[in-house]
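Visitor: Sequence first, predicted model second:
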Amino acid sequence: MTAHFQNEFEQGGYSVGIDVGGTNTDAVVLDVDNTILTSTKEATTEDVTSGIRAALESVLDSLGDQRSRVSRVMLGTTHATNAIVDRRNLGRVAVLRLGAPASTGFPPLMGWPEDLRKAILAGSAVLPGGFMADGMPISPLDQDSIRRFLDSIKGPIDAVAICGIFSPSFPEQEREVEEIVLDHLGLSVPVSRSHDIGAIGLLERENATVINAALYGVAKSVTQGLMTVVDEQGLENSSVYFAQNDGTLMAVNYAARFPVLTIGSGPANSIRGAALLSGVTDAIVVDVGGTTSDLGVVTGGFPRESTLPREIGGVRTNFRMPDIISIGVGGGTRIDPSTGDIGSGSVGHHLHTEALIFGGSTPTLTDAAVACGVKTNILSRKERQKISSHLSSGTGQAMQCALINAHERIQDAVDRLSHGKANLPLVIVGGGGFLVPEGLTGVEGIVYPKHGGVANAVGAALSLVGGRAQQVSNFEERKVAIDAASRAAIDKAIEAGADPLLVEVVDVSESPMSYSTQQNIRISVKVAGPLARLDSPILPIGT
Amino acid sequence: MVIDTHNDLATLDGLQTGHKTIAASDVSALAAGAAIFGTGGGGSVDSAQIVVKAALEKHGTVRLRQVEELTDDDLVIVMSGVGAPTVGVEMLSAEHQPETLLREIEQTLGRPVTAVMPGEIGGSNGVAPAGWAAQLGLDVLDADGMGRAFPEATMVAMNVAGVPRDFRVLSDVVGNVVVIRTINATWLERHVRASTVASGSICLAASPLKAEHVPGAVIERSVSRVIEVGHVLLNSEDPVSSLVGSLGAEKFITGKIVDVERRTEGGFVRGAVTVAGLGEQRDRLLRVELQNENLLVLEAGEVLASVPDLVTVVDSETGHAVSTEQLRFGQRISVLAWPSDPLWRTTRGLEIAGPRAFGYDIDYQPLKRLAQTMRPDNQGDIE
C-alpha cells in the first residue's frame, strides 16, 4: 500500500484551484508539494461559465504538455450567495415542519424579507411529528397530512424542505418523511433535510434548509457548467470539488445537494490559502481588496468559525460561517478631501480610471498611501515622487487623516480577532496590502506571502474534506454519544470525498443543557481529512 | 386616567409622555429597550420581536393599563416562559399555549382575567407578553416583576413584598396543563421545575395576581419606560448619550474589552470582562462581574455598581445592548449603570437579589453615592 502511494506521489497529480469572485475569476495550479506552477486572473463574466473557461484554459495552456497531470479541480464560488442576495434563479420550495402543535406560534419563514419569501415559498405547514429534547415524540407522524399538504400546493414544487423539531438528535423521522414525499411527488423532486444542514436552533436551521432547497437549480447550473468546461478541456478523468464555508471541500454531487454550504466559501478560501502560502497554521489573515478588507483567523489550518448567528440576504441562519470582519478599507475607498473621512464607499473596479494617481478626480486610499510616501507596488519610485508632489498640500492633511483612519480601523479589527490571548502573526494578501500599517499591536510579525493575490484560489485547491455531527446525551453516556457523533461526522466526510483511512476528529465540543434533573449535554464533533485519491487507479479499497 | 407625568422620573429625558398603548410600530422599540433592561441576560429578543409584531398586526393594538387604574374587578396574570434556553431555541411554543393557560386560570378561579403582566421586563420575556395579550384580547399592565432580568424565578418583586406565591399554572407545547398549588414558594419552585422537565424542559407559566396585591408588589411603569428608552435609542444620532439621558444612567467608561473570562456552569454563564479606557482614560481598567446578567462593576478595588442596580454593556457606536454571551475581546463598548427600583434596595429586596444572593462577599453599594464621587473623573471621557 505504501508503495502505491509513493508511486502516486512520484507521478504527481496536479490540483487546479479556481475562485469565482465578484470581479475576478482566479485559477492556480499546484503540484503534489503544493508548489504553485502557474496562476491567472481573468474577469468574471455574466454567465460565469465563460470566465471559468477562460481561467482554466489559461492555466492549462501554460502547463503545456504537463496538463495531462491535472487530476483535481476545486472551485470556490459566490453563486449561491449572489442568487440569494439578488433573489434570482431561486426554486419554489414546499416547507414541511414536523412537531405540531409545538412551534405553531412561530410559523416557517417568519421574519424573512417579503420579496425573498415570495420568491421561494410554494407553501408551508407545521404538521405532527418531531421530538422533545429527551426523545419523547411530540406527536405521532401523520402520513396523510403530509400528502394532503403536498396536494394543497398550487403551482410547481421545485424542491421540498423538511425540518423536524430536535431532528439533529433524532434524524430518522426526517428520512421517513423524505420517503413519503418522494413516493408522493416522484423521485425527481429534490428534498432538503434539516438534520443534514444545521444544528439545534429550529428557526435558523429551518431557514438554512429552505435556502438550501431553493438553491438546487442554481447549484445544478454551476456544477454542470463547471463539469462542461472540465470535459471541454479533456479533464474528464479528474475529480471535481466545490469549496465550502468552513475551509473544507465537498464532492460535486455533495455540492449539488448542499449548495447552501458554499455560502461564505470565498473568505474561507482566502484565509486558508493565505495561511498555507505563508507556511503558518495559526495566524490572523487580512485580505485587502479594492472595496473592503476581510479579516479572519486561521487556527490549526482552519478558518475560525463565528459563534454568532449569521444573516444571508436578510435571513438568520445557523450554518457554518468563518468569523470574518469586513471593514470598508480598500485601495479604492473614497476619501472626503476636506476631512479625510473614509465612510463613503469605494470606486470599486473603476480605481484605474477614477483615482487621482491614475488621472481621475476621486481621492482614494491608494492616493493617500502614495501621497504619504507608502511603498505600493503600483508605481515606481520616480512616478511616486512625481505624483506625490502633484498632490496639493491642502489635501495632504486630509490624505494623512484618511490613512490614519484606515490604520485605526485595521488595528481595531485585528484587536477584535486576536482575543488578546496570544500574539499571532499577521498574513497580508490582496492587492491593497500596502494599506496595512507597520507596528500593529496584537500581532507578532507580518508576512507577505508570494502569490498572495490568488490566495483564494490556492485555498480552494488545498482544502481538506470535513464533516460534522451533533448529539444530545445525558452526562453519564457522554462517551457513547461522542463516539456516535464522531462516526456520523466521519460518515459525512467520507460521503463528501474524504479518504476513509486518513479522516480524523479535529474538534469535540460539549455544552450543558440546564433545567433538567438529569444533566443533558450537547456534543458537537468536527472531523477533517485529505481527499481520497479516487481518481487514482491504485486506490487501496478492500486491501 | 390621563397619565401626564411620572413624578419620580420627571427629571429624566424622554419620559415626559406615557405610553397608553402598545402598537405594532412600538415593537422594535420594546425589543431594543427590553434588551437594555436585560442587563446582559434575559434571552435574545429577536424571535419574540417578530412574533409580537405579527400578533399586534393581526389582533390590533393592546391597551397599557397603569397600576392605579386597576379596580377590585381586575385580575392580573403574571406570564413568562420557563425552562432551558437551549431547549427553547429548538422546541418553540405552540400557538394555543396562552389560551390554554387563560382558560384554566379563569376556570379554576371562577372569574375573568383582565390584564397580563410580564414576569420579567428584561430580554425576551419582556417582549413576548404584549403578543400574548393581543392574542387573548387582554390589556398589558404597565409593570413587571423585576424591572430588569434576573436568573431565578424567586427574584421577583412579589416575593420581596411578601405576596403569597403558592399557585401557578403551566401549559406545555402539546396541550398538557398543570395546576400547581403548594404550601409555599419553595415548594412551588420545586414542582414547577419537575413539571417543566416532564414537559420537555420548556413551558409557559402564569400566576394570578389580585388587584389588591399589586400596589407595592410590582415594578411600576416598566413597560412604558422600556418602550420610551427603546424609541430614544432607535431614533438618536448619538445613541449612547441619548440612552444615558433617557435612563438617568451613569456612564462609567467607554473603552475596549481587553479580557473575557467566561464559563458555563449548569446552564449559567459566569465570568467577568475587563474593559480598558481609551485616549486619556487608557490607564483605567474596569471589571464587570457577570452571571447570566451583569452584576458588579469594579475599578481599582472599589465597587462602582452592584446588583440589584442595573448594569448594561452597550455597543459604543450603536448603543445596542451587548448580551453576556456576545461579549468579545476588542469590542468597543460603554458600561452604563442606573438605579434599581427602590423595592430592590429594601432589606428584603437585597436579601433576595443583592450581591450576597449571587455569592459575592460584599454588601450592596448604592449607585447614587458612588456616582457623585465618580463624576469629576468621568468628565474627560473619550468617545
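Guide: That came in fine, so what should we check first? Residues are numbered from 1 along each chain as shown, chains lettered A, B, ... in the order given.

Visitor: ok, is the helix or strand containing B:Arg193 in contact with chain A or not?
Guide: Assigned by DSSP states H and E, B:Arg193 falls within helix B:185-198. Yes - looking at helix B:185-198 against chain A by CB under 8 Å from any CB of the partner chain, the contacts come from B:Arg193, B:Ala194, B:Thr196, B:Val197. (C-beta placed from N, C-alpha, C; glycine too.)

Visitor: Can you report phi and psi for the residue sitting nearest the centre point of chain B?
Guide: Nearest to the geometric centre of chain B sits B:Gly122, at 2.1 Å (CA atoms, centre = their mean). Per-residue torsions, B:Gly122: phi -80, psi 130 (degrees, to the nearest 10).

Visitor: looking at it, it is touching B:Gly145, isn't it?
Guide: No - if you go by CB atoms under 8 Å, B:Gly122 and B:Gly145 don't touch, sitting 10.6 Å apart.

Visitor: tell me the contacts of the residue nearest to A:Ser418 when sequence neighbours are not counted?
Guide: Distances taken as CB to CB, 6 or more residues apart in numbering or on different chains place A:Gly442 nearest to A:Ser418, at 4.2 Å, with adjacent residues excluded. By CB atoms under 8 Å, 6 or more residues apart in numbering or on different chains, the contact set of A:Gly442 is A:Gln411, A:Val414, A:Asp415, A:Ser418, A:Gly420, A:Asn423.

Visitor: Could you list which of those belong to strands?
Guide: The members of the contacts of A:Gly442 all map outside strands under DSSP state E.

Visitor: tell me which of these is nearest to B:Pro308?
Guide: Nearest to B:Pro308, judged by CB to CB, of these is A:Gly420 at 31.4 Å.

Visitor: what's the pLDDT at the closest one?
Guide: pLDDT, A:Gly420: 59.

Visitor: picking up where we left off before, and the helix holding B:Arg193, what's buried?
Guide: For helix B:185-198, a neighbour-count test (16 or more other CB atoms under 10 Å in any protein chain shown) marks B:Ala185, B:Leu188, B:Glu189, B:His191, B:Val192, B:Arg193, B:Ser195, B:Thr196, B:Val197, B:Ala198 as buried.

Visitor: what's the closest non-adjacent residue to residue 276?
Guide: The chain I'm using is chain A. For A:Leu276, ignoring the flanking residues on the chain, the nearest one in space by CB to CB, 6+ apart is A:Leu462 at 5.2 Å.

Visitor: The chain in question should be chain B.
Guide: B:Val258 is the one closest to B:Ala276 (CB to CB, 6+ apart), at 4.6 Å.

Visitor: what's the answer for A:Val48, then?
Guide: Using CB to CB, 6+ apart and skipping the chain neighbours, the partner closest in space to A:Val48 is A:Val20 (6.1 Å).

Visitor: How are the helices of the stretch 101-250 of chain B distributed by residue range?
Guide: All helices of the stretch 101-250 of chain B, identified by DSSP state H, counting those that start in this stretch, fall at B:124-136, B:157-160, B:185-198, B:222-235, B:239-247.

Visitor: Now tell me which of these the model trusts least on average.
Guide: Ranked by mean pLDDT, these bottom out at helix B:185-198, with a mean of 91.

Visitor: on that earlier part again, the residue nearest to A:Leu276 against A:Ala275, yeah?
Guide: No - the criterion here is CB under 8 Å, and A:Leu462 misses it with A:Ala275 at 9.4 Å.

Visitor: more crowded one of those two?
Guide: More neighbours surround A:Ala275 than the other of A:Leu462 and A:Ala275, with 33 against 24 (other CB atoms under 10 Å in any protein chain shown).

Visitor: Distance check, that one against A:Pro530.
Guide: Distance of A:Ala275 to A:Pro530, given as CB to CB, to the nearest Å: 16 Å.

Visitor: and if you look at A:Arg310?
Guide: A:Arg310 is 28 Å from A:Pro530, by CB to CB.

Visitor: quick one: low-confidence ranges for the stretch 1-150 of chain B?
Guide: Applying pLDDT under 70 to the stretch 1-150 of chain B picks out residues B:1-18.

Visitor: Would you tell me which residues of it are close to chain A?
Guide: By CB under 8 Å from any CB, the residues of the stretch 1-150 of chain B that approach chain A are B:46-47, B:50-51, B:54, B:83-87, B:89-97.

Visitor: If we use 7 Å, what do you get?
Guide: Selection of the stretch 1-150 of chain B residues close to chain A by CB under 7 Å from any CB of the partner chain yields B:47, B:50-51, B:83-84, B:86-87, B:89-96.

Visitor: Scan those residues and report the most crowded one.
Guide: Neighbour max across these (other CB under 10 Å) = B:Glu90, 29 neighbours.

Visitor: before we move on, back to that, so of the residues of the stretch 1-150 of chain B next to chain A, which ones are in helices?
Guide: B:Ser47, B:Ile50, B:Val51, B:Thr86, B:Val87 (DSSP state H).

Visitor: A:Val48: which of the contacts of A:Gly442 is nearest?
Guide: For those, the residue nearest A:Val48 by CB to CB is A:Val414; the value is 33.8 Å.

Visitor: Run through the residues that contact the closest one.
Guide: A:Ile284, A:Leu295, A:Leu426, A:Leu440, A:Gly442, A:Val443 (CB atoms under 7 Å, 6 or more residues apart in numbering or on different chains).

Visitor: Just list whatever residues bridge to the first one.
Guide: The one in question is A:Ile284. Here A:Ile284 shows beta-bridge partners A:Val297, A:Leu426, assigned using DSSP bridges.
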